[in-house]
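*Asks:* Could you work out the structure for the sequence below:
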Amino acid sequence: MKLVVGLDGQSSGEKALNFAKSLAGSMESCELIVVYVIEWSPFSFQTAEENAQRHKRREEEISIAMERVLNPAVASLKAVGLNARAIVRHGDVADTIDDIAKAETAGQIIVARSSAGGLTSRIFGSSTANLVMNASVPVTVVA
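*Replies:* Take a look at the predicted model:
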């Protein structure tokens, strides 16, 4: 079975990762796909120069997400003998996580509920609710 684990770059993501680690450890065969979505709207009108700058910024954001969030998460899973890999995407958080789950034929999505304010609750508050309501596979929300 494949499990998609959505991380938000906050400490609450550790809870989701630990839950997924425990669940995967109890299975005979499991692949963990650790996902980080950078919220990004494709709807804007820009010049060619602005588009080039935007592309560069997107590439930098992907690199930072891999270095700071996903690579350490995948390393921690592999350190305990689990099969894991990482995916970073730009887009709507809920839709993108669900799209990845569908493309990967995952059996479940695991995310953390954050009680923090600001950006984290904006992204993983409403996005978690949207994901739970609209996902094509079961979603576990870790408190």
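
*Asks:* Just list whatever residues bridge to the closest residue to Ala16 other than its chain neighbours.
*Replies:* In this structure, Ala16 finds its nearest non-sequential neighbour in Ala112, 4.0 Å apart by CB to CB, 6 or more residues apart in numbering. For every residue, glycine as well, the C-beta is placed using N, CA and C. Applying DSSP bridges to Ala112 yields these beta-bridge partners: Val142.

*Asks:* Leu131 versus Ala112, what's the distance?
*Replies:* 12 Å (CB to CB, to the nearest Å).

*Asks:* Find the residues that touch each one of these two.
*Replies:* Any residue near both Ala112 and Leu131 by CB atoms under 8 Å, 6 or more residues apart in numbering counts here, and that gives Gly6.

*Asks:* quick one, which of these two is more surrounded?
*Replies:* Ala112 (26 against 22; other CB atoms under 10 Å).

*Asks:* Quick check: the more buried one touching Lys15?
*Replies:* Yes - A contact is recorded between Ala112 and Lys15 when judged using CB atoms under 8 Å, the distance being 4.8 Å.

*Asks:* what's the overlap in contacts for the two?
*Replies:* The contact sets of Ala112 and Lys15 overlap at Val142, Ala143 (CB under 8 Å, 6+ apart).

*Asks:* Mind listing what's buried along the host helix or strand of Ile38?
*Replies:* Taking DSSP states H and E as the definition, one finds Ile38 inside strand 31-39. With burial defined by 16 or more other CB atoms under 10 Å, the residues of strand 31-39 counted as buried are Glu31, Leu32, Ile33, Val34, Val35, Tyr36, Val37, Ile38.

*Asks:* where exactly do the strands run in the protein?
*Replies:* With strands called from DSSP state E, the chain shows them at 2-7, 31-39, 83-91, 108-112, 139-142.

*Asks:* Could you point out which of the ones you listed sits nearest Leu77?
*Replies:* The closest of the strands of the chain to Leu77 is strand 83-91. By CB to CB, the value is 3.8 Å.
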